[in-house]
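> With the input below, show me the fold.
(chains A, B, C and D)
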There are 2 protein chains.
Amino acid sequence: MTEPNTRAPEATSAGARAWHLMYEVWKASKPYLETVAAGFDLTPQQVYALRQLANERPLAMSELATTLGCDASNVTAIVDKLEARGLVKRHSADRDRRVKALVMTEAGVDLQTRIEERMEQPPPAIANLSVEDQQALCVLLERALDAL
Amino acid sequence: MTEPNTRAPEATSAGARAWHLMYEVWKASKPYLETVAAGFDLTPQQVYALRQLANERPLAMSELATTLGCDASNVTAIVDKLEARGLVKRHSADRDRRVKALVMTEAGVDLQTRIEERMEQPPPAIANLSVEDQQALCVLLERALDAL
DNA sequence: TATTGTTATACTCTATAACTATA
DNA sequence: TATAGTTATAGAGTATAACAATA
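So this is what the prediction gives:
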């Protein structure tokens, strides 16, 4: 326990191990997300954008960029595709006509509901855990996000 | 508890919540990984490739593709860059000259050691957790990976 | 014929910079 | 002049398909 074992795996801090493991779990689960999204003929980013729009109703392009964690220029492309599919609409805001307020169409709400149902089924890495472990994982991940 | 509350957030299963939270934590932490990698003038994928090569010494291109979870054609590009920087070398295997055995150069080992030291510092989402929580997170994530 | 790795190509995600239309 | 969104462009990551060398 007190040996100065400098480079062996046991010397790795819990934080570093958690970070590495999280990366592995994410890497294993990403294809699942892509498959689910593709099942709706969407990309993961489009799925996530729809999800955000379902929560806070009228969202500006810039706000969506923030929640997606990407540049505003990308949001233009994402919303272009969603709008072309009739899932979302851009409305010029009344009080500042530079701002585009994004609202979901009925078709968008319908699709989003189906997506949410499908997303109830998590990827194997998480689905294979016991409910108790899943709940414990939720507590830890919520704590991690709160600490930001 | 037994109410048929179909669409409220509380109706969401622990698995689905864990899946969603994991996505959020990953999204929050990805920029950190990119910043660390950029500090070594590498991309995250290149960092991960070096990491794999440090463990199992002579790795074939196809094997690296498997551990990176991507197509072999991408590995060609990744290794091209690592080789151009003198961090890795391609050796045609003796017994099957179609196979390219990848080995790290001394410069590669040196850089990888520095990267590993830097990676000891996890992103804020994980660093802000108590050591106990980090350890608990490790246990759960290991279990999730074992179940695959 | 089948397989390893490469090349060519294409699409998504990402960012930066220049542009427009408003403010 | 500053800001919201767009356009143009570029680089990284991804996949598929066609190809070379080898088996």
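> Give me the neighbour count for residue A:133.
Residue A:133: 19 surrounding residues under other C-beta atoms under 10 Å in any protein chain shown. Using the backbone N, CA and C atoms, a C-beta is placed for each residue, glycine as well.
> Over to residue A:145?
Residue A:145: 14 neighbours (other C-beta under 10 Å).
> Go ahead and confirm it touches residue B:25.
Yes. Using C-beta atoms under 8 Å, residue A:145 is in contact with residue B:25, at 6.2 Å.
> Overlap of the contact sets of these two?
Here residue A:145 and residue B:25 have residue B:125 as joint contacts, going by C-beta atoms under 8 Å, 6 or more residues apart in numbering or on different chains.
> How about the one residue sitting closest to the centre of chain A, nearest residue that isn't a chain neighbour?
Residue closest to the mean C-alpha point of chain A, counted by C-alpha atoms, centre = their mean, is residue A:48 at 5.1 Å. With C-beta to C-beta, 6 or more residues apart in numbering or on different chains as the measure, residue A:68 is the residue that lies nearest to residue A:48, at 6.4 Å, once sequence neighbours are left out.
> One more: residue A:90?
Per C-beta to C-beta, 6+ apart, closest to residue A:90 is residue A:100, 4.5 Å.
> can you check residue A:60 too?
Nearest non-adjacent residue to residue A:60, counting by C-beta to C-beta, 6+ apart: residue A:99, 5.1 Å away.
> for residue A:21, same thing?
Using C-beta to C-beta, 6+ apart, the nearest residue to residue A:21 is residue B:141, at 3.8 Å.
> Also residue A:39?
Closest to residue A:39 by C-beta to C-beta, 6+ apart is residue A:118, at 7.2 Å.
> Verify the assumption that the one you found is located in a helix.
Yes. Residue A:118: assigned to a helix according to DSSP: H, G, I helix; E, B strand; the rest coil.
> hang on, isn't it packed against residue A:35?
No. Look at residue A:118 against residue A:35 with C-beta under 8 Å: they stay out of range, at 10.4 Å.
> ranges for the strands of chain A?
A:59-60, A:88-92, A:100-104 (DSSP state E).
> Out of those strands, which gets nearest to residue B:124?
Of all those, it is strand A:59-60 that lies closest to residue B:124, at 25.8 Å by C-beta to C-beta.
> who touches the closest one?
Against strand A:59-60 from outside (C-beta under 8 Å, 6+ apart): A:52, A:53, A:93, A:99, A:100, A:101, A:102.
> Name only those of those residues that count as buried.
With neighbours counted by 16 or more other C-beta atoms under 10 Å in any protein chain shown, those contain buried members at A:53, A:100, A:101, A:102.
> Beta-bridge partners for the second one, please?
Just to be clear, that refers to residue A:100. Here residue A:100 sits in beta bridges with residue A:92, as judged by DSSP bridges.
> list the contacts for it?
Going by C-beta under 8 Å, 6+ apart, residue A:100 touches A:60, A:61, A:90, A:91, A:92, A:93.
> quick revisit: how about the contacts made by the residue nearest to residue A:60?
Residue A:99 is in contact with A:60, A:61, A:62, A:92, A:93, counting by C-beta under 8 Å, 6+ apart.
> just for chain A, where's the confidence low?
A:1-11 (pLDDT under 70).
> Okay, helices next: where are they in it?
Secondary structure of chain A (DSSP state H): helices located at A:14-39, A:44-55, A:61-68, A:72-84, A:106-119, A:124-127, A:131-146.
> Give me the buried positions along the last one.
By neighbour count, and taking 16+ other C-beta under 10 Å as the criterion, the buried residues in helix A:131-146 are A:133, A:134, A:136, A:137, A:138, A:140, A:141, A:143, A:144.
> hmm, who's touching it?
A:126, A:129, B:13-15, B:17-18, B:21-22, B:24-25, B:28, B:125-126, B:128-129, B:133, B:136-137, B:140, B:143-144.
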